[in-house]
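Undergrad: would you be able to build a 3D model of this:
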Amino acid sequence: MPTSEQLLSSVQMARFVAHGSLRLDAVVPKELNDQAIDVFEAGIPAAPYGTPVPKAYPDGSFARRLLELPAVAGAVKSLVGPDPTVDHHAVHVREARDGTAQPLHGDAIIDVRPDAFDVQLMYYPQDVTLDMGGTLSVPGSHLRHTNETDTGRYQNLRGQNRLTCPAGTVLLMHHGIWHGGRRNDSDIRRYMFKIRFNPTVPQVRLWDTADLDDPAVGDELRHVFPWYEPATGRLEIHNRIRLWRALTGDDSFDLDHWVTRVSNRPTIGDRPTIGSHA
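TA: Numbers count the residues shown, from 1 in each chain. Have a look, this model is predicted:
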């Protein structure tokens, strides 16, 4: 199986920074999808927290082959860099007509890093239809820190995304995005395999930066979601600019002077002192 990487573009990275997720439709070939459920039923051995990918998933294993797919390998490297470690993994199963759903939640109030993030890979080996209860997520929620289930009382938010997708789809999500598994009202057992990756290098310019100056980068970062409040929703744009500065290593980057004006702190050397002579 080819292992050449397909790095993300700057526009795709900016979209991830704004949306908190990146979707790769049907990138896993049928041969792997056809094997997936038997592999999941047999169980994928657990790996201790912080295990390098090659140790967590031996060469030739199902998970390793999944991660070596060019589109998947390139996206993971673009987001968390080479040689990430595995935080944990799990096979999530929604039984047919089980009548239960996860509350909307974010993963851990204690993870408030403004300049780094983990990535959660979610792989769906089957076609996921609306009645199968795919993963629900709220675009643009990942930089708004909440306690894990503080959002659980919300039933629906404008602009939320209830996943439907073809078999072989991979979803890559910022660790802070609000999400939850929906109720499966179909007659089909639904499977999802999740891996959380921790970066081991600074997350700075890890993608293909050839289009870094493309105006579409700014357009992606300015995107406003319909659930945002008129006032506090603007903080999401501010936080995206700060994250983009960290990811690009460019402390001068800004959109419409938003961060520049609030970080402006002239020092005594920038203006005449009291009593000085012109």
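
Undergrad: residue contacts, R64?
TA: 53-54, 57-58 (Cβ atoms under 8 Å, 6 or more residues apart in numbering). Backbone N, C-alpha and C define where each C-beta goes, glycine included.

Undergrad: let's see that with 10 Å instead.
TA: Residues in contact with R64, defined by Cβ atoms under 10 Å, 6 or more residues apart in numbering, are 1, 53-54, 56-58.

Undergrad: how far away is it from I44?
TA: Going from R64 to I44 by Cβ to Cβ, to the nearest Å gives 11 Å.

Undergrad: now do the shared contacts for those two.
TA: Common neighbours of R64 and I44 (Cβ under 10 Å, 6+ apart) are 56-57.

Undergrad: most widely separated two among the contacts of R64?
TA: M1 and A56 (18.3 Å; Cβ to Cβ).

Undergrad: which one of the two is surrounded by more residues?
TA: Neighbour totals were compared for M1 and A56, and A56 leads with 22 against 11 (other Cβ atoms under 10 Å).

Undergrad: the more buried one against T85, yeah?
TA: Yes. A56 is within contact range of T85, at 8.1 Å (criterion: Cβ atoms under 10 Å).

Undergrad: so what sits against both of the two?
TA: 47-48, 50.

Undergrad: buried subset of these, written for ChimeraX?
TA: Selection of buried members from the shared contacts of A56 and T85 for ChimeraX, criterion 16 or more other Cβ atoms under 10 Å:
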select :47
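
Undergrad: tell me the contacts of the closest residue to D187 other than its chain neighbours?
TA: Nearest residue to D187 in three dimensions, chain neighbours excluded: A96, at 5.0 Å (Cβ to Cβ, 6 or more residues apart in numbering). Residues counted as contacts of A96 (Cβ under 10 Å, 6+ apart) are 132, 184-190.

Undergrad: how about low-confidence regions in the stretch 101-250 of the chain?
TA: Where the stretch 101-250 of the chain drops to pLDDT under 70, the residues are 108-109, 148.

Undergrad: residue boundaries of the strands in it?
TA: 119-124, 135-137, 161-162, 169-174, 179-181, 190-198 (DSSP state E, counting those that start in this stretch).

Undergrad: mind checking which of the ones you listed is nearest V72?
TA: That would be strand 169-174 among these, by Cβ to Cβ, at 5.7 Å.

Undergrad: check the contacts of A96 and tell me the two furthest apart.
TA: D185 and R189 (12.6 Å).

Undergrad: give the intersection of the neighbour lists for those two.
TA: Here D185 and R189 share the contacting residues 94, 96, 98, 132, scored by Cβ under 10 Å, 6+ apart.

Undergrad: could you dump these to a markdown table with secondary structure and distance to T146?
TA: A markdown table is the format used below for the shared contacts of D185 and R189 (DSSP: H, G, I helix; E, B strand; the rest coil; distance: Cβ to Cβ, whole Å):
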| residue | secondary structure | distance to T146 |
| --- | --- | --- |
| R94 | strand | 24 |
| A96 | coil | 32 |
| D98 | coil | 26 |
| M132 | helix | 27 |
